[in-house]
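J.: Mind folding the following:
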Amino acid sequence: MKPARTRLALALAALTLATPALAELVPINEEPYINETLLQGFIGDQIANTCPTIEARTMRALGELNSLRLYALDKGYTSDEIRAFIRSDEEKAKAKAKAAEWLKDRGAEPGNPDAYCAVGEAEIAADSLLGQLLRSTK
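T.: Numbers count the residues shown, from 1 in each chain. Just a heads-up that it's a prediction; the model follows:
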């Protein structure tokens, strides 16, 4: 085979192998890692906005968002898809509802700041991603 034909054959083989990966890309609002990570941020916001002795670690949160953006780009999502997903009021409402449900399952309900503080302190102590997004001011 001539060198040009060999390179062409290798390029076509590479494209053929890459195509299934692109075909398996789920809609960004269904990608588990992206959505779970964003959910932790929404939960952290609700805790920080409700508990007087816990605040958000803003720089850490921004770092996580940047890492998540890079993850999404590496997975094959476009900048436009990522931007549209992050700015979507509908997706934000869904995430806030999931965050409220998550908190409720752990005993934190609106009108009870101490319960939000308890959940936040437990997550900080566990050094979970959620806990790393929060800082206790006690």
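
J.: Now do the helix or strand containing residue 33: everything it contacts.
T.: Using DSSP states H and E, residue 33 sits within helix 32-50. Contacts to helix 32-50, defined as C-beta atoms under 8 Å, 6 or more residues apart in numbering, come from residues 28-29, 54-56, 61, 64-65, 68, 71-72, 95-96, 98-100, 102-103, 108, 110, 113, 116-117, 119-120, 123, 128-130, 133-134. The way it works is simple: take the backbone N, C-alpha and C, and place the C-beta from them, glycine included.

J.: Just the ones of these in strands?
T.: 54-56, 134 (DSSP state E).

J.: Can you say which two of the residues you listed are spatially most distant?
T.: 54 and 56 (8.2 Å; C-beta to C-beta).

J.: Thought residue 25 was touching residue 76, still the case?
T.: Yes. Residue 76 lies in contact with residue 25 (C-beta atoms under 8 Å); the separation is 5.1 Å.

J.: intersection of neighbour lists for these two?
T.: Contacts common to residue 76 and residue 25, judged by C-beta under 8 Å, 6+ apart, are absent.

J.: so how far is residue 68 from residue 34?
T.: Using C-beta to C-beta, to the nearest Å, we find residue 34 at a distance of 6 Å from residue 68.

J.: Any stretches of the chain with poor pLDDT?
T.: 1-23 (pLDDT under 70).
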